[in-house]
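1. Build the 3D model from these lines:
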Amino acid sequence: MQAEIIISGFGGQGVLFAGQLLAYSALDSKKQVTWFPSYGPEMRGGTAHCTVIISEEVIGSPVVRNPKAAIVMNLPSLERYEPLVQPGGVLIINSSLVDRSAKRDDLTVVEVPANDIAEEMGNPRLANLVLVGALLQKLPIFDLDLMSNTLDTHIPDRHKEMIELNKQALRRGYQLAEEEKVLV
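-> Alright, predicted model coming up:
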């Protein structure tokens, strides 16, 4: 099993944190992992992304041309990464900020209004984890309990007050992806 995941959005949307959380979950489950961030000048509003590879085997390179899955948090990310996802792969779209559907019909596509859900939950910074929850439902690399434990053990002390909300956001995204009619 090897899963390559790209997470992309505007700087400040928690793209890198979402990737780190997946990477720590992989480590906690004794898998091989790479986390390859891009956070140069993008951090101040441009497009930022990271690549996470999770594998049972040694990973030869952190570079991914055709990921198994992508989480896209804005329209520029959808335009950049939709063409690259492997046929049969998973595409999670933040429909709060993306005003079009996927053009491809060979992917499992889930449109999640992540920003709207995060606002409902009282914190706009939760959108990234809503999308990660949806990803885990369609690409079951970990269960939610493992991800919850990862939050407990790897969140920095300065963000400990956000753990329960982060767990709720993961569950909301997972449940929404489970209930939503998937666009295939």
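2. how about low-confidence regions in the chain?
-> Counting by pLDDT under 70, the ranges of the chain that qualify are 39-46, 181-184.
3. Not counting sequence-adjacent ones, nearest residue to the most centrally placed residue in it?
-> The centroid of the chain falls nearest to Val132 when counting by Cα atoms, centre = their mean (4.0 Å). With sequence-adjacent residues excluded and distances taken as Cβ to Cβ, 6 or more residues apart in numbering, Val132 is closest to Ala18, at 5.1 Å. C-beta: built from backbone N, CA, C; applies to glycine.
4. Roughly how far does that neighbour sit from Ile6?
-> Per Cβ to Cβ, to the nearest Å, Ala18 is found 11 Å from Ile6.
5. what's the answer for Glu57, then?
-> Applying Cβ to Cβ, the value for Glu57 to Ile6 is 20 Å.
6. Please enumerate the strands of the protein.
-> Counting by DSSP state E, the chain has strands at residues 2-10, 32-38, 47-55, 69-72, 90-94, 108-112.
7. quick one, the fifth one and strand 2-10 angle?
-> Looking back up the chat, that one is strand 90-94. 20 degrees (axes from the mean of the first three to the mean of the last three Cα atoms, to 10 degrees).
8. As CSV, could you dump the C-alpha coordinates of strand 90-94?
-> Extracted C-alpha coordinates of strand 90-94, given in CSV (Å, rounded to 0.1, in the frame of the first residue of the first chain):
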residue,chain,number,x,y,z
VAL,A,90,-9.9,10.8,-4.8
LEU,A,91,-10.4,14.6,-5.2
ILE,A,92,-11.8,16.5,-2.2
ILE,A,93,-12.9,20.0,-3.1
ASN,A,94,-13.6,22.8,-0.7
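9. What pairs with that strand, parallel or antiparallel?
-> strand 69-72 (parallel), strand 108-112 (parallel) (DSSP bridges).
10. tell me how far that strand is from the chain's mean position?
-> 8 Å (Cα atoms, centre = their mean, to the nearest Å).
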